[in-house]
Structure formats: C-alpha cells, structure tokens
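Student: return a 3D structure for these sequence lines:
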Amino acid sequence: MTGKAEDLEDLNVTVATHLLARTLTRALRATGRGVALLATAALSLVLFIATTLATAFLLLGVGVLLVPLVTTLVRRLTGVCRALAEASGVQIPTPYLPPLPAEPGMVGWVQRCRSILTDPATWRDLLFLLLNVVVGFALGLLPVTLLVYSLEGLLLSAGFWMLMRESGVNFWYGLTPMDTWPHAALGALVAVVAFAIWAASAPGVVAGHAHFAAALLGPSERSRIASRMRHLSETRSDVINIQATELRRIERDLHDGAQARLVAIGMKLGAATRQLRTNPDVAETLLVDARNATAAALEELRCLIRGIHPPVLAERGLEDAIRAVALESPLEVDVTVDVPGRLAAPAESAVYFAISELLTNVAKHADADRAGVDLRHEDGVLRATVIDNGQGGADAANGTGLRGIERRCASFDGTLVLSSPMGGPTIVILELPCALY
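Tutor: Model (predicted):
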C-alpha cells in the first residue's frame with residue numbers, strides 16, 4: 001500500500017514538473033515574441049512617417065517612385081507581424097489584391113503606384129502602423145517588464161540588498177524597503193507573485209496583439225473575392241492543360257497502338273483472302289495471326305479505357321478501385337477505407353488517379369517494400385493519406401508528378417501536404433472538400 005502511495009506521489013511530481021516546464025517554456029517564447037513586438041513598434045513609427053511623407057510627395061511627382069519602395073518595406077514588416085501572430089496560434093491570410101501587369105519604365109511605376117493606392121489593404125496597413133506604435137509597444141513591453149521585475153526582486157532578496165546598503169544605497173522593491181532580512185523575505189514573496197503573473201499572462205498578452213493584428217492585417221471582402229477569382233482562374237487553366245495532355249496521350253496511344261494493330265489486321269486479312277484458294281495453309285496462318293492481333297488490340301483498348309475511367313471505379317466505387325490498384329502494385333499495400341457513400345464522379349476519378357500515381361511513384365523511386373493508404377470522409381472533406389517506408393527525400397519542386405497531383409487536387413479546391421524527411425517515412429495527405437451521396 002505504501003509503495004502504491006509513493007508511486008502515485010512520484011507520478012504527481014512528474015506531472016507537476018512537466019506542466020511547470022511547459023508553462024515556463026510558453027512564457028519564455030511569448031516574452032521573446034514580446035521583444036520582437038517592441039522592435040515592430042519602433043519600425044512602425046519609422047515606416048508610418050515614411051509612408052505619410054511618400055504619399056504627400058505624390059503632389060511633387062517624387063512620391064510615384066517612393067510609394068512602391070516604402071510599401072514594400074511596410075508589407076515586409078506586416079508579414080513579420082503575421083508570422084508572430086501565427087506563432088501565437090492566430091492565422092492571418094495575406095490580404096493584398098493580386099498585382100496587375102505593369103509596363104516597363106516610368107509608366108510602370110505609375111501603374112504600380114496606382115495599384116498600391118487603390119488597394120484597401122494599403123490603408124489598413126497604414127492604420128496598423130499608427131496603432132501598433134502604442135499597442136505593440138505596450139503589449140510587447142509588459143511580459144519583458146514582468147520578467148525583469150520578478151528576477152530583480154529574487155536577486156535582491158537573495159542578498160544583493162546587503163551589497164547595496166554597504167554602498168550607501170537605500171533601495172525599495174515595490175513598497176518594501178530592502179534593509180533587513182524580513183523585508184527581503186517580503187520582497188521575495190512579491191517577486192514570486194510577479195513571476196507567477198508573468199508565467200500565466202505572457203502568452204495571453206502576446207496573443208492579444210495577434211488578435212489586434214488580425215483585425216487590421218487580415219483580408220478584406222474585396223481581396224478575398226480577388227484571391228478566389230485568381231485561384232479559380234489558375235485552376236481552370238490547370239484543368240484545361242491536364243485535359244489537353246490527356247487527350248494527346250489518348251491520341252498517341254490510339255495512333256501507336258490500337259490503330260496500328262487494326263491496320264495490320266486489315267493487311268493480314270487481305271493477304272489471307274488472296275492466298276485462300278491457291279495456298280490454304282498460308283491463308284490459315286494469316287487468319288490465326290489476325291485473330292491474335294485482334295485480341296492484342298482489344299486488350300490495348302481495354303487498357304486505354306481503364307486509363308480514361310476504370311470500369312471498376314464506375315461500377316463498384318472508390319474503395320474497390322483503390323483495393324484493385326493496391327493488388328496490382330508490386331508493393332505490399334495496406335488499404336483502410338471509411339467512406340460511407342459515393343463521391344461525385346469527377347472527384348472519385350481525381351482521387352483514384354492521384355492515389356494510383358502516388359503508389360506508382362513509391363514503387364519506382366522510394367526504394368520501399370510497404371505502403372499504406374488511408375481513405376476517410378469527415379466533416380465534408382475527403383482525406384487520403386499515403387505512407388511508405390522508403391528512403392524519403394521526396395520534393396514536389398523537383399518533379400512533375402507531385403506537382404501534377406497537386407494541380408489535379410487544386411481544381412477541386414483540394415490540397416496536398418507532403419512530409420518526406422531523408423530516411424523516410426514519406427507521408428502524402430490529400431484533402432478534397434466534397435459531399436457524399
């Protein structure tokens with residue numbers, strides 16, 4: 001019984017130590033971000049003045065050159081503030097309207113200047129700079145001040161007050177004169193309270209600045225619509241290119257495969273017709289060759305049809321189609337599916353070909369012997385996860401395969417996330433928003 005009580009006590013101590021270390025780590029990181037906020041507050045003041053002067057100089061013509069330059073610096077600073085907000089758990093999408101094509105020379109500078117000045121996010125950035133001088137300074141300074149104040153009290157209470165009295169300095173910590181050990185103990189208590197307040201409040205204070213930044217640096221409705229239109233335009237172009245590539249592949253396969261075999265069959269049948277009366281044995285051989293060529297052409301047409309839209313996908317659904325791909329793979333593939341329904345045919349086709357290509361890439365390039373496919377539908381999103389035990393090091397920027405899959409998913413507002421450290425494992429997650437029926 002005593003042993004169990006001691007084990008429980010050790011467990012409680014371990015949990016308390018872990019929670020304390022986690023709290024202190026979060027508070028230290030938040031204080032570091034507070035120091036960064038102090039720097040952004042100082043830069044905000046400089047850039048606010050610079051932007052105001054550059055805008056005023058538009059009347060003199062010089063502002064046409066200065067506004068784009070200063071705006072670039074402003075947007076870099078606001079980008080830093082978005083990164084700090086993201087570290088506090090607040091995501092702030094980029095709000096700027098897509099840049100319009102600009103002509104070279106002075107005309108281009110005027111066009112860029114006009115584009116900047118007509119973007120609502122530019123003026124919201126300017127308001128953020130003005131307010132961040134006060135808000136960023138206050139919220140960034142508070143965690144730093146609390147930490148320094150508490151550490152100062154702990155150092156004084158540990159005996160530094162005696163050194164200061166020997167130097168002839170009467171020092172007060174808070175409302176307590178640091179002249180005797182009882183007063184030093186009271187000062188230590190105040191320092192511990194200040195330290196606890198710092199540890200508890202620092203992350204929240206810095207997160208408050210993140211929400212303040214989100215209110216001004218987030219996208220407006222106009223920029224959301226413009227971003228959406230740009231995304232639709234890009235994905236539509238990608239879809240058209242993918243369709244054109246598929247049509248060219250089908251045309252090439254028909255021309256080089258089935259069409260060539262059908263021409264050969266016609267020639268063999270013609271030769272057999274000419275040999276039928278004079279040399280029946282040769283005619284029979286030609287007919288057998290023609291029959292074999294017909295079977296080969298039929299198999300090529302079936303393969304081509306499977307490449308366009310596999311019959312198993314249309315007849316039995318995505319789960320059975322993925323299992324069929326897994327069975328045909330040279331790897332040992334584990335398939336887990338939790339999709340209680342059917343998707344729209346275009347979405348099913350996109351997921352099927354994406355997973356099929358990923359497994360093909362694993363077999364060719366990953367040096368793996370096992371792979372896994374997990375397919376599930378939750379909260380209106382289809383998530384497909386493909387993992388292998390290969391050598392890793394995959395990079396979407398170094399090949400067209402993953403980029404093609406990414407574009408295919410983007411046409412359905414989907415995303416592709418790749419994790420492939422050297423040595424493996426490689427994990428690819430596809431997410432497509434879609435409904436079941």
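
Student: V386: what secondary structure?
Tutor: Three-state assignment for V386 (DSSP: H, G, I helix; E, B strand; the rest coil): strand.

Student: and for H377?
Tutor: Using three-state DSSP, the structure places H377 in strand.

Student: all strands of the stretch 301-437 of the chain, in order?
Tutor: Counting by DSSP state E, counting those that start in this stretch, the stretch 301-437 of the chain has strands at residues 332-338, 370-378, 381-388, 415-419, 426-433.

Student: the fourth one to strand 426-433, inter-axis angle?
Tutor: Right, strand 415-419. For strand 415-419 against strand 426-433, the angle by axes from the mean of the first three to the mean of the last three Cα atoms, to 10 degrees is 170 degrees.

Student: strand 415-419 packs against which elements?
Tutor: Judged by 3 or more Cβ pairs under 8 Å, 6 or more residues apart in numbering; DSSP states H and E, strand 415-419 is in contact with helix 400-410, strand 426-433. For every residue, glycine as well, the C-beta is placed using N, CA and C.

Student: list the buried residues of the helix or strand hosting W109.
Tutor: Using DSSP states H and E, W109 falls within helix 106-117. Buried positions in helix 106-117, judged by neighbour count with 16 or more other Cβ atoms under 10 Å: 109-113, 115-116.

Student: now that helix: how far from the chain's centre is it?
Tutor: Its chain's average C-alpha position is 32 Å from that of helix 106-117, according to Cα atoms, centre = their mean, to the nearest Å.

Student: how about stretch 70-88: buried residues?
Tutor: For stretch 70-88, the buried set under the neighbour-count rule, 16+ other Cβ under 10 Å, comprises 70-71, 74-75, 77-78, 81-82, 84-85, 87-88.

Student: hmm, I typed the wrong one, I wanted stretch 137-152.
Tutor: Buried positions in stretch 137-152, judged by neighbour count with 16+ other Cβ under 10 Å: 137, 139-144, 146-147, 149-150.

Student: where is pLDDT lowest across the buried residues of helix 106-117?
Tutor: Lowest pLDDT among those: W109, with 72.

Student: is it true that H211 touches V90?
Tutor: Yes - between H211 and V90 there is a contact under Cβ atoms under 8 Å: 6.1 Å.

Student: looking at those two, which is more packed in?
Tutor: Per other Cβ atoms under 10 Å, whichever of H211 and V90 has more neighbours is V90, with 18 against 13.

Student: F212 versus that one, what's the distance?
Tutor: 10 Å (Cβ to Cβ, to the nearest Å).

Student: now do the same contact list for L37.
Tutor: Contacts of L37 were listed using Cβ atoms under 8 Å, 6 or more residues apart in numbering, and they are 84, 136-137, 139-140, 206, 209.

Student: do that again at 7 Å, thanks
Tutor: 84, 136, 139-140, 209 (Cβ atoms under 7 Å, 6 or more residues apart in numbering).

Student: mind putting the residues you listed into JSON lines with pLDDT?
Tutor: Compiled in JSON lines, the contacts of L37 are given as follows (pLDDT from 0 to 100):
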{"residue": "L84", "pLDDT": "89"}
{"residue": "G136", "pLDDT": "90"}
{"residue": "L139", "pLDDT": "91"}
{"residue": "G140", "pLDDT": "89"}
{"residue": "H209", "pLDDT": "89"}
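
Student: for R124, find the nearest of the strands of the stretch 301-437 of the chain.
Tutor: Comparison of the strands of the stretch 301-437 of the chain against R124 by Cβ to Cβ identifies strand 415-419 as nearest, at 27.5 Å.

Student: I'd say A394 and L416 touch.
Tutor: No - applying Cβ atoms under 7 Å, one finds A394 not in contact with L416, separated by 11.6 Å.

Student: higher neighbour count, these two?
Tutor: Each of A394 and L416 has its neighbours counted (other Cβ under 10 Å); A394 has more, 24 against 21.

Student: beta partners of L375?
Tutor: V337, A384 (DSSP bridges).

Student: what's around it, how many residues?
Tutor: The number of residues near L375, taken as other Cβ under 10 Å, comes to 20.

Student: pLDDT value on it, please?
Tutor: 89.

Student: same thing with the one 3 residues further on?
Tutor: E378 is assigned 85 on the pLDDT scale.

Student: pull the contacting residues for it.
Tutor: Applying Cβ under 7 Å, 6+ apart, no residues contact E378.

Student: would you mind giving the secondary structure of T94?
Tutor: Assignment for T94 (three-state DSSP): coil.

Student: ok, back up a step: who wins for proximity to A121 among the strands of the stretch 301-437 of the chain?
Tutor: Closest to A121 of the strands of the stretch 301-437 of the chain is strand 415-419 (Cβ to Cβ; 24.2 Å).

Student: could you measure from P182 over to Y149?
Tutor: P182 sits 21 Å away from Y149, going by Cβ to Cβ.

Student: what's the distance between L156 and A188?
Tutor: For L156 relative to A188 (Cβ to Cβ), the value is 8 Å.

Student: thought A363 was touching P330?
Tutor: Yes - between A363 and P330 there is a contact at 5.3 Å, judged by Cβ under 7 Å.

Student: ok, the two, which is more surrounded?
Tutor: A363 (18 against 11).

Student: what's the burial count for G317?
Tutor: Neighbourhood size, G317 [other Cβ under 10 Å]: 17.

Student: repeat that for R291.
Tutor: A total of 12 residues lie near R291 under the criterion other Cβ under 10 Å.
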